[in-house]
Structures are given as C-alpha cells and as structure tokens.
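Participant: below are the sequence and a predicted model; questions follow.
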Amino acid sequence: MQLLGSLFHTLLIQPLVNVLAVIYFVLPVKDMGIAIILFTVLSRIAFFPLTLKAMRSQKALSKLQPQIKEIQKSLAHDREAQGRAIMQVYKENKVNPFSSLVPILIQLPILIALYRVLLVEVKTGTFNGLYPFIPDPGTVSLSAFAGVLSLASPSLVLAVIAGVGQFLQSYLASSGVPKGTAGNMGLGMNVGFAFFTLFIAKSLPAALTLYWAVMTLVAAAQQYIANKMLKEHP
C-alpha cells in the first residue's frame, strides 16, 4: 500500500501540483482562486475527448436496449442462452458494453489526485514537491479570492453554485439518453444529486468547492456541446 501511495503521489499528485504552481506563477494578479479556475477549465478540456467517447458508447448501448430487453424476456428461463444472445447482439453491432466505463475509470484516479492537491497541498498555502525547473511561487495566500472570499473556509455560495452546476450537468446528461434506458435519470434523481453536492460542498474548504463549482459548470457546458455533436454526428 505504501508503494502504491508513493506511485500515486509521484505520477499524479506531484505533476498536478506543478501545473497549478506554473498557472499561479504566470498570473499577472496572484490570486489562487483565479489559478484554481484556470486549472479546472484546462483539466476539463483535457478530459473532453474521453467524456465524448464515453457518451458515444453509452448512446450506442442505449439504442440496443429494446433488443436486449426482448432477449431478456424471451430467454428469461435460460440465463446462459440469454447471455450468449446478448453478447451476439453486441458483436453484430460492434458495441463493447464496457467501453463507456473505460474513460470514466481513467479519469477517476486523476480526479482523486485533483481533490488531494486542492484539499491537502494547496490548503497549506505552499507548493510542495516542485520540480527543479519549476519556479517556486512562495507562500500563497488563501485569505481572499477576488479580495472577498477566503479559500480556506467553507463557502455556502460556492456550494450552491456547485449544486446548480451538478443539476445542469446531470440533467443534460440524462436528456441526451433516450427515455426508458439504463442511462436515463428522472428529474427527482437529478435534483437529488444537486442537493447531495450542496450538502457535501458546504463543509469543504472554499478552494475545493470552487474547483467543484467550476468543474460542474464546465462539465454542463461540455455536456450540452457533446449532446449537439452526437445529435448531428451520431
């Protein structure tokens, strides 16, 4: 476990700390809040091809759902035959049922590392583990974002924004999937996700909540763009 923790820090956390340090260093106005916003937007842009790939795979799977349900109904008495028939449908349509999960699994450890960077590394006000060629910005003030908001303390305003962003993102995600499929979520579930985000975010340091708020808003915008792209070019 110690080796895995060391690898996780070396391969993910340390590079992200250095990227954030560079962004903060080149800013004409030394504001960690602005650095976090830019850092978040850039990370979401980098993830977009993976997100689009996952959505394309999910859409392909959703189109097969009526056929899959018919097989499940007609072969309910024989699970083995049912499984073979379903896999044959996937094979004939050149669809991998697990392909939509791969991009998400790739993003997950990176998102955890981002969480660690903002919750632990940045909270101290210093950048630890900088590479020799990266300029050290020195001690970073977390006392005020845009001169008004402490990044070290919880922020209800940012938590609400994160909740709204989560609702928009999940609503747009579910609207891009045909109704009645496994990927489609109802309005109640979308609202539930939003309130869950608000509940968690209101207790976190504002540095992390700012990241979460910007991430959900950018994700919602990307979801809208992806929905249009998949509609025009399935």
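Facilitator: Nice, I can see it.
Participant: I figured residue 115 hits residue 207, correct?
Facilitator: No - taking Cβ atoms under 8 Å as the contact criterion, residue 115 and residue 207 are not neighbours in contact, 10.9 Å apart. Any C-beta I mention is one placed from the backbone N, CA and C, and that applies to glycine too.
Participant: who's more crowded, the two?
Facilitator: When neighbours are counted by other Cβ atoms under 10 Å, residue 207 comes out ahead of the other of residue 115 and residue 207, with 26 against 15.
Participant: could I get the buried residue list for stretch 55-74?
Facilitator: Residues 55-62, 64-65, 68, 71 are the ones in stretch 55-74 that count as buried (16 or more other Cβ atoms under 10 Å).
Participant: pLDDT below threshold where in the chain?
Facilitator: Confidence mapping of the chain against pLDDT under 70 gives the ranges 1, 99-104, 107, 121-123, 176-186, 233-234.
Participant: show the subsequent helix or strand relative to the biggest helix by length in it.
Facilitator: Secondary structure assigned by DSSP state H gives helix 32-63 as the longest helix of the chain. For helix 32-63, the succeeding helix or strand toward the C-terminus, using DSSP states H and E, is helix 65-74.
Participant: dump the helix or strand that that next one is followed by to CSV, keeping only the CA atoms.
Facilitator: Helices and strands here follow DSSP H and E; after helix 65-74, the next one along the chain is helix 79-92. These are the backbone C-alpha positions of helix 79-92, laid out as CSV (Å, rounded to 0.1, in the frame of the first residue of the first chain):
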residue,chain,number,x,y,z
ARG,A,79,-29.7,-17.3,-18.3
GLU,A,80,-26.9,-18.9,-20.2
ALA,A,81,-28.6,-18.7,-23.5
GLN,A,82,-29.7,-15.2,-22.7
GLY,A,83,-26.1,-14.1,-22.0
ARG,A,84,-24.9,-15.6,-25.3
ALA,A,85,-27.7,-13.9,-27.3
ILE,A,86,-27.0,-10.5,-25.7
MET,A,87,-23.3,-10.8,-26.4
GLN,A,88,-24.1,-11.8,-30.0
VAL,A,89,-26.2,-8.6,-30.4
TYR,A,90,-23.2,-6.6,-29.1
LYS,A,91,-20.9,-8.4,-31.5
GLU,A,92,-23.1,-7.8,-34.5
